[in-house]
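Student: The sequence and its predicted three-dimensional model are supplied below.
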Amino acid sequence: MPNDAAAPPADAGPLPELFTGGVAVEDGFLSGPRVRALIDCALLRRARGDFTAARIGSEGRVQRREDIRGDSTCWLVEPLFEAERSLLSDLERLRLALNRRGFLGLFDLEAHYAWYPPGTGYARHVDQPRDSADRVVSLIVYLNEGWMPGAGGELRVYDGDGTQRDITPLAGRLACFLTTGREHEVLPTRESRLSVTGWYRRRP
């Protein structure tokens, strides 16, 4: 399967590949200045200690496993910076548009920054916590200026037929996929890799 889908036709509605193939990519979802503003927000949050090492598991079995997942995260909750509030407004409009087009019943969004230092990644997994089916659409907005070939850090998404697709984490790019049963991983990165990652959810 080819890497990095072309932009959808303007009259096709939001992210048409999401409904036909389960995975969609939109380049230029954020402009360069907006990417830079969000990077600055993330750097400020890191400097004041808002990021924490990500863990895996659920309930009483949560643990840090850097051999599986090496990122640190910071949830986007109030109080927010203006650039973050603007991004969440855009993602809210996208939620409403996806509901109109696909009747997905998306109710809200949970989102966080994800920062991967060089040498880290996230092993193959699915985004649905055990005994929960409220996450419907996974999304990633990439914030990596000047990302070069060979830097690694691709999102690798697996299809049910055994094929796979690698999506490069280019600045301003939005990647979405239907969450249920969709295995994916973050390949090891050679550079610091930053994104906003989240999930549109339906009511539990």
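Tutor: Now that the structure is in, tell me what you want to look at.

Student: residues contacting Tyr113?
Tutor: Residues in contact with Tyr113, defined by Cβ atoms under 8 Å, 6 or more residues apart in numbering, are Ala42, Arg45, Phe51, Thr73, Cys74, Leu76, Leu194, Ser195, Val196, Thr197. Every residue, glycine included, has its C-beta placed from N, CA and C.

Student: now do Gly121
Tutor: By Cβ under 8 Å, 6+ apart, the residues touching Gly121 are Gly70, Gly152, Gly153, Glu185, Val186, Leu187, Pro188, Thr189.

Student: ranges for the strands of the protein?
Tutor: For the chain, strands defined by DSSP state E occupy the ranges 23-26, 52-53, 72-75, 108-116, 122-125, 135-142, 155-158, 164-167, 174-178, 184-186, 193-201.

Student: Can you check which of the ones you listed gets nearest to Leu91?
Tutor: The closest of the strands of the chain to Leu91 is strand 108-116. By Cβ to Cβ, the value is 5.7 Å.

Student: Can you give me the buried ones in the closest one?
Tutor: Neighbour-count burial for strand 108-116, counted by 16 or more other Cβ atoms under 10 Å, picks out Leu109, Ala111, His112, Tyr113, Ala114, Trp115, Tyr116.

Student: So what touches stretch 99-110?
Tutor: Contact with stretch 99-110 is made by 13-14, 18-19, 75, 88, 91-92, 95, 98, 136-137, 198-203, as judged by Cβ under 8 Å, 6+ apart.

Student: For the lengthiest helix in the chain, give the mean pLDDT please.
Tutor: Longest among the helix segments of the chain by residue count, using DSSP state H, is helix 82-102. Averaging pLDDT along helix 82-102 gives 96.

Student: quick revisit: for Arg36, which of the strands of the chain is the nearest?
Tutor: Here strand 193-201 is closest among those (Cβ to Cβ), at 11.5 Å.

Student: Now do the closest one: which elements does it pack against?
Tutor: Counting contacts by 3 or more Cβ pairs under 8 Å, 6 or more residues apart in numbering; DSSP states H and E, strand 193-201 packs against helix 32-47, helix 82-102, strand 108-116, strand 135-142.

Student: follow-up on the earlier one: using neighbour counts, trim the contacts of stretch 99-110 to the buried set.
Tutor: Listed as buried from those are 14, 18-19, 88, 91, 95, 98, 136-137, 198-201; burial here means 16+ other Cβ under 10 Å.
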